[in-house]
Structures are given as structure tokens and as C-alpha cells.
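Student: my questions concern the predicted model and sequence given below.
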Amino acid sequence: MEKYPLRTQLLSCAVLATIGVAIIHFVQGVPLLQALAAGLPWPQQLGLGAALGLATGAVSAVTTLRKPAAEAVQRTATSYARLDLSGWNPLWISLGAGMSEELLFRAALQPLVGIWGASLLFLLVHAGAYDFRRFDRAALWQAGGVFGMSMLFGLAFEYAGLLSVMVAHTVVDIVGLYLVRRIAEAGAEGAKRLR
């Protein structure tokens, strides 16, 4: 399976961030620093974001590790294993995605289309990664989880601020990508044993 290089992933994050900044500046007419500074003081946002990310990531980890062979887990792992998850790459990908996606979906789009609309758009953007087009039980379970997490992040954005959801998203992705790497490595080891 061909891997997407780290630079490709980070370039897509840069494009999402640029779109978000353009919407904030040209459509909302809000200075970027004002959008970034809104909400609770930054130390509180960091703490809340870390707590929210760890709690959400823990739920994801427990459900994944309870049934690593489940179809939904295997689909997600296969999809995200296309990324180059070697070395520190899960950290860099998570930082890029957490910052760019929340800048776009929360700071740029949520004030225009609301929490429900931004969460639906977030779900649609992630449809390819989770293979929702199958529209079976596994896909519906995953779609509900992605939508629910997006709604939770939308509420945190409204009540705490952008930095809190950037941190939460980054932490969730770090947990998720390291789990994917672990599942992929376990699958590769199992395949070696069968030879």
C-alpha cells in the first residue's frame, strides 16, 4: 500500500488553514487575532483542551482496544495506515490536523452555519477516511462518533475558545494515530507469523 508522505498531509492542513483564515478575514470580517483570542484565558483553554482530548481519546482507545478486530476498527486502521506513521509523524500530523481543521470548522464555519452545520461538514470531510459510503452498522457507528465528537468540540469552542478545541483535537488524533500504528504493526507481525 502506498503511503501518503508527511509533507502531503501537512500541505493539506496548510490548505485547510488558509481557507479558514480567508473565511474569517473576508467573510466574517473579523481580525484573525481577535478570533484567536476569544474565549477563556489561554492557560484555562490549554487545560480544558488537554482534559477534553484525553477523555475523548481514552473513550476511543478503550473501544478500539476492547475489539481491535471489529470491522469499524479495521476499516479506520486501514484508512489511516495509508499515512506515513513512522517516527514522530503521528505527532506532526495531529498538530497540523488539530490546528487547521479547528481553525476552519470552528473559527471560520461554525459562526456562519452553527454547531450542527459545522459538525455535518466535519463529518462529510471525514467520510472518505471512515468509509461511510458503505452505510452499514459499522459506518453508522463511526459516523455517529465523529459527529458527536465534532458537536462536543463545537460546544467547547463556544464556551471556552479556539485553543481549547485545537488542543483537544490534537490529543485525540495523537491517541488515534498511535493506536492505528499499533494495530498496523500487529497486523504486519501476524502476517509474518503466517508465512
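Tutor: Received it, and whenever you're ready, just let me know what you need. Small disclaimer: the values here were computed from a predicted structure and weren't measured.
Student: now the helix or strand in which Gln9 is found: how far from the chain's centre is it?
Tutor: Secondary structure from DSSP states H and E places Gln9 in helix 6-22. On the basis of C-alpha atoms, centre = their mean, to the nearest Å, helix 6-22 is displaced by 14 Å from the centre of the chain it belongs to.
Student: over to stretch 119-135?
Tutor: Counting by C-alpha atoms, centre = their mean, stretch 119-135 comes out at 12 Å from the chain centroid.
Student: same thing with stretch 25-45?
Tutor: Centre-to-centre, stretch 25-45 and its host chain are 20 Å apart (C-alpha atoms, centre = their mean).
Student: now do the same end-to-end measure for it.
Tutor: 23 Å (C-alpha to C-alpha, to the nearest Å).
Student: tell me how far the residue lying closest to Pro31 once chain neighbours are set aside lies from Leu152.
Tutor: Spatial nearest neighbour of Pro31, excluding adjacent residues (C-beta to C-beta, 6 or more residues apart in numbering): His25 at 7.7 Å. The way it works is simple: take the backbone N, C-alpha and C, and place the C-beta from them, glycine included. Relative to Leu152, His25 is positioned 27 Å away (C-beta to C-beta, to the nearest Å).
Student: between the two, tell me which one has more neighbours.
Tutor: Neighbours were counted for His25 and for Leu152 using other C-beta atoms under 10 Å; Leu152 has more, 17 against 14.
Student: follow-up on the earlier one: tell me which helix or strand comes right after the helix holding Gln9.
Tutor: Toward the C-terminus, helix 6-22 is succeeded by helix 32-37 as the next helix or strand (DSSP H and E).
Student: who's in contact with that following helix?
Tutor: By C-beta atoms under 8 Å, 6 or more residues apart in numbering, the list of residues contacting helix 32-37 from outside reads Val21, Ile24, His25, Gln28, Ala107, Leu162, Leu163.
Student: weed out the non-buried ones from these.
Tutor: Buried residues within these, defined by neighbour count using 16 or more other C-beta atoms under 10 Å: Val21, Ile24, Gln28, Ala107, Leu162, Leu163.
Student: next, the contact list for the closest residue to the fifth one other than its chain neighbours, please.
Tutor: Residue nearest to Leu162 in three dimensions, not counting chain neighbours: Ala107, with 5.1 Å by C-beta to C-beta, 6+ apart. By C-beta under 8 Å, 6+ apart, Ala107 lies in contact with Gly20, Ile24, Ala35, Leu36, Phe157, Leu162.
Student: show me where the chain has helices.
Tutor: Taking DSSP state H as the test, the helices found in the chain are 6-22, 32-37, 42-66, 71-80, 89-102, 110-125, 127-130, 137-159, 162-194.
Student: quick one: residues contacting Ser179.
Tutor: To be clear, residue 179 is Leu; Ser isn't right here. When contacts are counted by C-beta under 8 Å, 6+ apart, Leu179 touches Ser60, Ala61, Thr64, Leu65, Ala77.
Student: distance check, the closest residue to the last one other than its chain neighbours against Ala160.
Tutor: Put plainly, it is Ala77. Nearest non-adjacent residue to Ala77, counting by C-beta to C-beta, 6+ apart: Ile183, 4.3 Å away. Distance, Ile183 to Ala160, using C-beta to C-beta: 32 Å.
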